[in-house]
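Undergrad: heads up, no residue letters with this:
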């Protein structure tokens, strides 16, 4: 699904259908014995906290301001307290890159299960909507996409937190990338600034 062509309604619905099928693919009793997927929030928070003293003094402007705001939000969010979220467990593919969701003209096929495992829908959906691939090319309409999932109140609240965390992680990653020499950068100039705007907009929704 990643590419220059817009992700239209048909493809968006097919993506949601493929994910719903995958999330329900493993019976609950079997899923309880499946290891949690890597890269969950505790790991991401630890990475952000390790990155902050190294990176924050090196960036300024909108990126620095968004970083400060994101770190302040993280401290107040309760995510660092840990504990199991009160949401249903699902089998998650573990990678939100849209390049792993292949449109065959009729349905979406999912590839790359290297980091798959037990997860929950809010975290998995946040990983898709906040991945740089969801907006750096043909944008994924995150609001329209998320409306295709019947999330309960607890899942919706967790989704907002997970989106904030994933957006903050991507701000750090893109800020690191922006400090590389031009020949080593993976993203066009201005990508970190665009991510700063995305993070700020997400945090505006939570205030």
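TA: Structure received. Treat the numbers as computed from the prediction; the structure is a model and nothing was measured.
Undergrad: Buried ones in the helix or strand hosting residue 50, by neighbour count?
TA: Secondary structure from DSSP states H and E places residue 50 in helix 41-55. The neighbour-count check on helix 41-55 (16 or more other CB atoms under 10 Å) flags 41, 44-45, 48, 51-52, 55 as buried. For every residue, glycine as well, the C-beta is placed using N, CA and C.
Undergrad: Residue 185: neighbour count?
TA: When neighbours are defined as other CB atoms under 10 Å, residue 185 has 14 of them.
Undergrad: residues in contact with the residue nearest the centre of the chain?
TA: What sits nearest the mean C-alpha location of the chain, by CA atoms, centre = their mean, is residue 127, with 2.3 Å. Applying CB atoms under 8 Å, 6 or more residues apart in numbering, we find residue 127 in contact with 95-96, 162, 166.
Undergrad: what do you get if the cut-off is 7 Å, keeping everything else the same?
TA: 96, 166 (CB atoms under 7 Å, 6 or more residues apart in numbering).
Undergrad: That one sits in which helix or strand?
TA: Residue-wise, residue 127 maps onto helix 121-129 under DSSP H and E.
Undergrad: same check, this time on residue 145
TA: helix 142-146.
Undergrad: Could I get the average pLDDT for the next helix or strand after that helix?
TA: Moving toward the C-terminus from helix 142-146, the first helix or strand encountered (DSSP H and E) is helix 153-178. In this model, helix 153-178 carries a mean pLDDT of 96.
Undergrad: just stretch 182-195 next, same as before
TA: 87.
Undergrad: Pull out the buried residues from that stretch.
TA: Those would be 187, 191-195, for stretch 182-195 by 16+ other CB under 10 Å.
Undergrad: Run through who's touching that stretch.
TA: Identification of contacts with stretch 182-195 by CB under 7 Å, 6+ apart yields 62-63, 136, 170-171, 174-175, 177-178.
Undergrad: what separates it from the chain centre, distance-wise?
TA: The chain centroid and the centroid of stretch 182-195 are separated by 19 Å under CA atoms, centre = their mean, to the nearest Å.
Undergrad: quick revisit: pLDDT for the buried residues of helix 41-55 - can I get that in CSV?
TA: Listed next are these as CSV, based on pLDDT from 0 to 100:
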residue, pLDDT
41, 93
44, 97
45, 97
48, 98
51, 98
52, 98
55, 97
